[in-house]
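Trainee: can you look at this prediction? I've put the sequence above it.
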Amino acid sequence: MTEVKTYPVDPELSARAHITPERYETLYRQSIDEPESFWAEQAEQFLDWFKPWDKVMDYDYSKGYIRWFEGGELNVSYNCLDRHLATRGDQTAIIWESDDPAQDKKISYRELHREVCKFANVLKSQSVKKGDRVCIYLPMIVEAAVVTLACARIGAVHSIVFGGFSAESLRDRIQDADCHTVICADEGLRGGKKIPLKTSVDQAVSHCPNVKNVIVIRNTGNDIPWTPKRDIWYHEAMKTASDDCPPETLSAEDPLFILYTSGSTGKPKGLVHTTGGYLLFAAMTHKYVFDYHDGDIYWCTADIGWVTGHSYIIYGPLCNGATTLMFEGIPTYPEPDRFWRIVDKHQVNIFYTAPTAIRALMAQGNDFVNRTDRSSLRILGTVGEPINPEAWEWYYHIVGNERCPIMDTWWQTETGGILITPLPGAIALKPGAATLPFFGVKPEILDNAGNVLEGEAEGILVLSRPWPGQARSIYGDHNRFIDTYFKNFPGYYFAGDGARRDRDGYYWITGRVDDVINVSGHRMGTAEVESALVLHEDVAEAAVVGYPHPIKGQGIYAYVTLNAGVEPSETLKQELIDLVRKEIGAIAHPDIIQWAPGLPKTRSGKIMRRILRKVASNEIDNLGDTSTLADPSVIDEIIDHRANK
Ligand code: ATP
Ligand code: MG
């Protein structure tokens, strides 16, 4: 097996970092031994409260009951905007980079505050009140941040739906959260292509009788269908709106938003996040995980339709008074060097993206990276899936020029913020490891029977106590919340992922518990086998699933995407099999390799192994919920070429 490399903490980075190795030790211990005083101190330091809380934390996992800072009162938009005006009103809050490389703009905190106040008044004029659900279906434009913060200002609960979802998926989410107001744009723009958002809204809303208002932002300016009385132009409503809108006083546990998971493992869940704990956790993780300092230019490439966009484009950075970059387009348009060009253009210091983007750009070759400068970069990050060590090394050496540590951040929609992660100045890195828990986070590894495993171990990842950013419920279905996260292993939050803890106490996410493969009694995470496959220089991406095997119980079925220009061959297949045997052992010998020009992914870019498992078992009539699939044609191609007909 390949030796695991360790990249020590850079002393220079550590010298200027908020969290040094010693401070990590001290604070982590305090956060676990004295959680109440630890979190009270953080809540005072990071947030402005209108009224202090009565009780820091209260919980009973058996009832899915989680409360933070009860009795406390605050407003999220006040914390993200108003309180910065005196000291940084003219500082850029958002750098917006258009899909078109020739266009961008900068919005100061003062301007953003003004727009948010105005739109909050527009919402009020449409009788949107505290507690009402508002659906936001927008491209990555500045108005997306404006309307989100405006909801927070008046206590309306936003439900942001990724602008790439179909009318049907949008309809389901509007109905599930019973939204009465929808905010959309005429069209979106991605990679030079127009996305007919308003048309989708019309289709969706025709099945949603409770929707009273559709507020439309003029983005591309093209003609769109219009329903008088129901539809309102954003720019017209804003023209007459007052910019005076005092922030509503909200309780720490008032809901802030509902957000649906990616749907990798089944029907998406509409998680409910609340005000005080969520904001604290987003702000604190943003500052420490990315070692954010005043003046840094910070860019997270996620879409605001995902939790990463919520916590690390909008709420965390703005709460910290940061400059956050919002990108409307895609990494490959007009060319696969777009990310790095944007880094150079805006002198980005901190860059946070996903393994799916890294693997896709890596497959395009190094020239696109090498022709850019990237010397402004200081810290890199990744989230969304396990990052294969091969992709990690490429990100580190080629993108970061061996100067920038990579924060491999493990977390979920349910967790609100990052739970397991390195810290730039404090924690040495191992490619492929999410490393150590953030403050207040106590992971455990269990066996299938629920026994706690100590020391070096592999099994089911759970968390043994709440943290402020934890979701409080599934909207409209609290029983599903209890059943999904708290039933299987009483007393713990069950994350649904597997992990291995190595001898240094580092956590390696091995993949979804549902995806674990059992070959002749040997349990295997998908991440390890996939990482072995992508070590091959011709392989861009791989997904591995189990399928019924007469002798071994389960066999290993690998779907492999080759790099651009590589021809599949039997020799290559054999090379891949040999590579896996060498890296992991004979037990991981892939039984079937299918060449797949594309893999089925969620719209947030995660591989949907549950569908591949169905195909591998020849259960193609029953693929399950496919509503979150990014490109359905990928499945047809995979089904046509399946090995198990
Ligand atoms: P659903 O819950 O609907 O199946 P999902 O789990 O993909 O969808 P998200 O909340 O967007 O929805 O994704 C969280 C999951 O992403 C985690 O549970 C984990 O499987 C994976 N993940 C995120 N970050 C990492 C990481 N750094 N390393 C490994 N896996 C990660
Ligand atoms: Mg999940």
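Mentor: Now that the structure is in, tell me what you want to look at. Ligands and ions are numbered 1, 2, ... in the order given.
Trainee: so the chain: which segments form each domain?
Mentor: The chain is divided into the following domains under the TED database: 11-500, 520-641.
Trainee: for the ones you listed, give me CSV that also has distance to ligand 1, mean neighbour count and mean pLDDT.
Mentor: To be clear about C-beta, it is placed using only N, CA and C from the backbone, and glycine gets the same treatment. Formatted as CSV, those follow (distance: least, C-beta to the nearest ligand atom, whole Å; neighbours: other C-beta atoms under 10 Å; pLDDT from 0 to 100):
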stretch, distance to ligand 1, mean neighbour count, mean pLDDT
domain 11-500, 3, 20, 97
domain 520-641, 5, 18, 94
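Trainee: out of those domains, which is closest to residue 508?
Mentor: Residue 508 lies closest to domain 11-500 among the domains of the chain, at 4.5 Å (C-beta to C-beta).
Trainee: give me the pLDDT value at residue 1.
Mentor: Looking at residue 1, its pLDDT stands at 55.
Trainee: residue contacts, the residue nearest to residue 377 when sequence neighbours are not counted?
Mentor: Leaving aside its sequence neighbours, residue 377 sits nearest to residue 404 (C-beta to C-beta, 6 or more residues apart in numbering; 5.1 Å). Counting by C-beta atoms under 8 Å, 6 or more residues apart in numbering, residue 404 touches 377-380, 396.
Trainee: now for the residues you listed, which pair is the farthest apart?
Mentor: 378 and 396 (13.3 Å).
Trainee: quick check on the residue most central in space within the chain: phi, psi?
Mentor: When C-alpha atoms, centre = their mean is applied to the chain, the residue found nearest the centroid is residue 308 (3.4 Å). Dihedral angles of residue 308 (phi, psi; degrees, to the nearest 10) stand at phi -60, psi -40.
Trainee: contacts only, for residue 70.
Mentor: Residue 70 neighbours (C-beta under 8 Å, 6+ apart): 53-55, 58, 251-253.
Trainee: any idea how far residue 141 is from residue 189?
Mentor: Counting by C-beta to C-beta, to the nearest Å, the separation of residue 141 from residue 189 is 9 Å.
Trainee: now do the shared contacts for those two.
Mentor: Contacts common to residue 141 and residue 189, judged by C-beta under 8 Å, 6+ apart, are 219, 328.
Trainee: now residue 555, what's its secondary structure?
Mentor: Using DSSP: H, G, I helix; E, B strand; the rest coil, the structure places residue 555 in strand.
Trainee: in the sheet, who's paired with it?
Mentor: residue 547 (DSSP bridges).
Trainee: output the helix or strand containing residue 284 as CSV, nothing but the C-alphas.
Mentor: Using DSSP states H and E, residue 284 sits within helix 276-289. Presented in CSV, the C-alpha positions along helix 276-289 are these (Å, rounded to 0.1, in the frame of the first residue of the first chain):
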residue,chain,number,x,y,z
GLY,A,276,-28.8,32.0,17.2
GLY,A,277,-26.9,28.7,17.2
TYR,A,278,-26.7,28.4,13.5
LEU,A,279,-25.3,31.9,13.0
LEU,A,280,-22.7,31.5,15.7
PHE,A,281,-21.6,28.1,14.3
ALA,A,282,-21.4,29.4,10.7
ALA,A,283,-19.4,32.5,11.7
MET,A,284,-17.0,30.7,14.1
THR,A,285,-16.2,27.9,11.7
HIS,A,286,-15.7,30.4,8.8
LYS,A,287,-13.2,32.4,10.8
TYR,A,288,-11.2,29.5,12.2
VAL,A,289,-11.3,26.9,9.5
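Trainee: so which elements touch that helix?
Mentor: Secondary-structure packing of helix 276-289 (3 or more C-beta pairs under 8 Å, 6 or more residues apart in numbering; DSSP states H and E): helix 35-46, strand 65-70, helix 76-80, helix 316-319.
Trainee: how far away from the center of its chain is that helix?
Mentor: Chain-centre distance of helix 276-289: 15 Å, with C-alpha atoms, centre = their mean, to the nearest Å.
Trainee: before we move on, what about stretch 442-451?
Mentor: 25 Å.
Trainee: measure that stretch end to end?
Mentor: 16 Å (C-alpha to C-alpha, to the nearest Å).
Trainee: what sits up against stretch 370-377?
Mentor: Taking C-beta under 8 Å, 6+ apart as the rule, stretch 370-377 contacts 297, 337, 340-341, 343-344, 347-351, 398-401, 403-404.
Trainee: quick one on the thing from earlier: okay if I get the helices and strands packed on helix 276-289 as CSV plus distance to residue 390?
Mentor: Shown next, in CSV, are these (distance: least, C-beta to C-beta, whole Å):
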stretch, distance to residue 390
helix 35-46, 37
strand 65-70, 38
helix 76-80, 38
helix 316-319, 30
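Trainee: so which of the ones you listed comes closest to residue 21?
Mentor: Judged by C-beta to C-beta, the one of the helices and strands packed on helix 276-289 that comes nearest to residue 21 is helix 35-46, at 18.5 Å.
Trainee: next secondary structure after that closest one?
Mentor: strand 55-60.
Trainee: quick one: contacts of that next one?
Mentor: 35-36, 39-40, 43, 65-71, 465-466, 468.
Trainee: angle of that strand against helix 276-289?
Mentor: 110 degrees (axes from the mean of the first three to the mean of the last three C-alpha atoms, to 10 degrees).
Trainee: can you give me the strands for the stretch 351-500 of the chain?
Mentor: Counting by DSSP state E, counting those that start in this stretch, the stretch 351-500 of the chain has these strands, from start to end: 379-382, 406-408, 443-446, 452-453, 457-463, 473-474, 493-501.
Trainee: residues contacting the closest residue to residue 602 other than its chain neighbours?
Mentor: With sequence-adjacent residues excluded and distances taken as C-beta to C-beta, 6+ apart, residue 602 is closest to residue 262, at 4.3 Å. Neighbour list for residue 262: 268, 306, 413, 602-604, 606, 628 [criterion: C-beta under 8 Å, 6+ apart].
Trainee: among the residues you listed, which are in helices?
Mentor: Here DSSP state H is the test, and those give no hits in helices at all.
Trainee: can I get these in JSON lines including distance to residue 446?
Mentor: Compiled in JSON lines, the contacts of residue 262 are given as follows (distance: C-beta to C-beta, whole Å):
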{"residue": "268", "distance to residue 446": "26"}
{"residue": "306", "distance to residue 446": "28"}
{"residue": "413", "distance to residue 446": "22"}
{"residue": "602", "distance to residue 446": "27"}
{"residue": "603", "distance to residue 446": "31"}
{"residue": "604", "distance to residue 446": "27"}
{"residue": "606", "distance to residue 446": "24"}
{"residue": "628", "distance to residue 446": "28"}
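Trainee: now the two most distant members of these.
Mentor: Of all pairs in the contacts of residue 262, the most separated under C-beta to C-beta is 413 and 603 at 13.4 Å.
Trainee: could you dump the lengthiest helix in the chain to CSV, C-alpha only?
Mentor: Assignment by DSSP H gives helix 109-125 as the longest helix of the chain. Extracted in CSV, the C-alpha atoms of helix 109-125 (Å, rounded to 0.1, in the frame of the first residue of the first chain):
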residue,chain,number,x,y,z
TYR,A,109,-21.8,46.8,3.3
ARG,A,110,-23.6,50.1,3.2
GLU,A,111,-25.1,49.4,-0.2
LEU,A,112,-26.0,45.8,0.7
HIS,A,113,-27.7,47.0,4.0
ARG,A,114,-29.7,49.6,2.0
GLU,A,115,-30.9,47.0,-0.5
VAL,A,116,-31.8,44.5,2.2
CYS,A,117,-33.8,47.1,4.1
LYS,A,118,-35.7,48.1,1.0
PHE,A,119,-36.5,44.5,0.0
ALA,A,120,-37.6,43.7,3.6
ASN,A,121,-40.1,46.5,3.2
VAL,A,122,-41.2,45.0,-0.2
LEU,A,123,-41.8,41.7,1.5
LYS,A,124,-43.8,43.5,4.2
SER,A,125,-45.9,45.3,1.6
